[in-house]
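*Asks:* build me a model from this:
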Amino acid sequence: MSTENQQGHAPGVDPADVQAIREQLGRPPRGIVEIASRCPSGHPNVVKTEPRLPDGTPFPTLFYITCPRLAGAIGTLEAAGVMADMSQRLLDEPELAAAYTASHEAYLAEREAIAHVPEIAGISAGGMPTRVKCLHVLIGHSLARGEGSNPLGDEGLRLLGDYWGHSSCAPGYVAPVDED
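*Replies:* Reported below is the predicted structural model:
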């Protein structure tokens, strides 16, 4: 059963956040349950989503990154080959594989608590539990649920470092003055 209203988000989601996400994505957001994480300036950067979108599409990605700066920084990590290295480590490091499997199981349980969607039952996202297919999902999971929720998401966050850098999302950011 969906918790959404006609605007495609849960009734408790602040309309200002919905508007910010619309601007981030360049389209109306879909299936928002809650804001799961915010950047240092307070803007949404990860949303928790319904496992079935308002149009009926099954959607396995429970934590969806909305911030274009964050998504771009993660894409750069993916392009650098980080996912292949992480996938190999899952084969070589049993403790890492066990922690990653536990992340997969927690992810499934949290999504199932929202709604059962038979088409995606048992399927998490990001390649869990046996490989790394999408760092966006893993990092979104870590941002939403905190350090320790996904070992490879945590590692991805460390690799990102200060991804917001000198952007308007940085704490204490002051916009440059246009002297024209």
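*Asks:* averaged pLDDT, stretch 89-101. What do you get?
*Replies:* Taken as a whole, stretch 89-101 has an average pLDDT of 98.
*Asks:* list the buried ones in that stretch?
*Replies:* 89-90, 96-97, 99-100 (16 or more other CB atoms under 10 Å). Where you see a C-beta, it was placed from the backbone N, CA and C, and this is true even at glycine.
*Asks:* of all the residues you listed, which two lie farthest apart?
*Replies:* Farthest pair in these (CB to CB) is Arg89 and Ala99. Separation: 11.3 Å.
*Asks:* show me the contacts for Met83.
*Replies:* For Met83, the contacting residues are 127, 132-135, by CB atoms under 8 Å, 6 or more residues apart in numbering.
*Asks:* taking those, please make a ChimeraX selection of just the buried ones.
*Replies:* Restricted to buried positions by 16+ other CB under 10 Å, the ChimeraX selection for these reads:
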select :127,132,134,135
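*Asks:* format the contacts of Met83 as JSON lines; extra columns: secondary structure and pLDDT.
*Replies:* Shown next, in JSON lines, are the contacts of Met83 (DSSP: H, G, I helix; E, B strand; the rest coil; pLDDT from 0 to 100):
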{"residue": "Gly127", "secondary structure": "coil", "pLDDT": "92"}
{"residue": "Val132", "secondary structure": "coil", "pLDDT": "97"}
{"residue": "Lys133", "secondary structure": "coil", "pLDDT": "95"}
{"residue": "Cys134", "secondary structure": "coil", "pLDDT": "95"}
{"residue": "Leu135", "secondary structure": "helix", "pLDDT": "96"}
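*Asks:* who touches the residue most central in space within the chain in this structure?
*Replies:* Per CA atoms, centre = their mean, the C-alpha nearest to the average position across the chain is that of Gly140, at 2.5 Å. Contacts for Gly140 (CB under 8 Å, 6+ apart) come out as 36-37, 46, 61, 63-65, 153.
*Asks:* restricted to strands, list those residues.
*Replies:* 36-37, 46, 63-65 (DSSP state E).
*Asks:* and Leu96, how far from Leu143?
*Replies:* Going from Leu96 to Leu143 by CB to CB, to the nearest Å gives 20 Å.
*Asks:* just after the lengthiest helix in the chain, pick out the following helix or strand.
*Replies:* The longest helix of the chain (DSSP state H) is helix 94-114. Later in the chain than helix 94-114, the nearest helix or strand by DSSP states H and E is helix 135-145.
*Asks:* now that next one - C-alpha only, PDB.
*Replies:* Taking C-alpha atoms only, helix 135-145 is exported to PDB below (Å, rounded to 0.1, in the frame of the first residue of the first chain):
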ATOM      1  CA  LEU A 135      28.100   2.900  -5.900                       C
ATOM      2  CA  HIS A 136      25.200   5.500  -5.900                       C
ATOM      3  CA  VAL A 137      23.000   2.900  -4.100                       C
ATOM      4  CA  LEU A 138      25.700   1.900  -1.600                       C
ATOM      5  CA  ILE A 139      26.600   5.400  -0.800                       C
ATOM      6  CA  GLY A 140      23.000   6.500  -0.600                       C
ATOM      7  CA  HIS A 141      22.400   3.600   1.900                       C
ATOM      8  CA  SER A 142      25.400   4.700   4.100                       C
ATOM      9  CA  LEU A 143      24.300   8.400   4.000                       C
ATOM     10  CA  ALA A 144      20.700   7.400   4.900                       C
ATOM     11  CA  ARG A 145      21.500   4.900   7.600                       C
END
